[in-house]
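here you go, sequence then predicted model.
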Amino acid sequence: MALPPGQRAVEGFPRFGTHLHHPPPEVPAEPVIELGGALTETVEVAELAGLPRKELRADFHCVAGWSATGLLWEGIPFAAFYRTRVEPLLDSPVSHVIFEGLDGFQSIVVLEDALADDVLIADRLNGQPLDSDHGAPVRLVSPSQYGFINTKHLCRIEFHTTEPPIQDRWSPLASHPRARVWAEERHRRLPGRVVRPVYRSLIGPIRALSAKGSRTR
Ligand SMILES: Nc1nc2c(c(=O)[nH]1)N[C@H]1C(S)=C(S)[C@@H](COP(=O)(O)O)O[C@H]1N2
Ligand SMILES: [Mo]
């Protein structure tokens, strides 16, 4: 299958992220996902096993320009989780969802994007439990959006009725709020193809740093 505009395939699936050289966070013995914002709940990750599961074969696209191809994810469709565990407890309609990882990383996702058919809370990759490089115990997988939407080590999901304040508004690398790969929505204001070379120059250094923190190789 063709790759989205401006992407290049890499071998395998590198560990990559703003965690840089930091090792992955410790996973608690009985991990939970806190639900916050318009509701307050705690969901045990083990409870997710009771929801219908889905397999998803997809490529993974980092905004910096690399793509890992043909990954096989398994997990719970986010939409099923939302419809059964969240929506019944809401008083007002949600517009945005914040996904947070054990390392403090956050992604802000428009509800409509989060409810797409290909969005999973994934606990397995290529037939194995998710390892610490790729987001143990569970991560968000939204392959139609750039990697930075795909929060690893999920520990908290917040449901908001208005757009949360954007943290990187004044950053030179301000990320696009939708981050849809086929529309090349890399940067909040600049056209995707214009920022390609800048982003691409970050792949080598970030990849090398991220590998330093890896616990699996
Ligand atoms: N918790 C957490 N999730 C994260 C990141 C991170 O630093 N911490 N980096 C994001 C970025 S920029 C990318 S490209 C992907 C990389 O996923 P991988 O390490 O499984 O390849 O994770 C995303 N999710
Ligand atoms: Mo990324």
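Here it is on my side, so go on. Numbers count the residues shown, from 1 in each chain. Ligands and ions are numbered 1, 2, ... in the order given.

what about P5, how many residues nearby?
Using other CB atoms under 10 Å, P5 has 13 neighbouring residues. To be clear about C-beta, it is placed using only N, CA and C from the backbone, and glycine gets the same treatment.

again with the one 10 residues further on
The tally of other residues near R15 (other CB under 10 Å) stands at 23.

same thing with R207?
A count of nearby residues for R207, using other CB under 10 Å, gives 16.

now L72
By other CB under 10 Å, 13 other residues sit near L72.

quick check: it is in a helix.
No: per DSSP: H, G, I helix; E, B strand; the rest coil, L72 lies outside any helix segment and is strand.

list the contacts for it?
55-57, 125-127 (CB atoms under 8 Å, 6 or more residues apart in numbering).

for ligand 1, see how far away the residue nearest the centre of the chain is.
Nearest to the geometric centre of the chain sits N150, at 0.8 Å (CA atoms, centre = their mean). Remark: distance between N150 and ligand 1 (CB to the nearest ligand atom, to the nearest Å) = 5 Å.

and which of the contacts of L72 is nearest to ligand 1?
For the contacts of L72, the minimum distance to ligand 1 (CB to the nearest ligand atom) is 8.3 Å, reached by L125.

need phi/psi at that closest one.
phi -140, psi 130 (degrees, to the nearest 10).

pretty sure C155 is touching F99, no?
No: at 9.4 Å, C155 does not count as touching F99 under the criterion of CB atoms under 8 Å.
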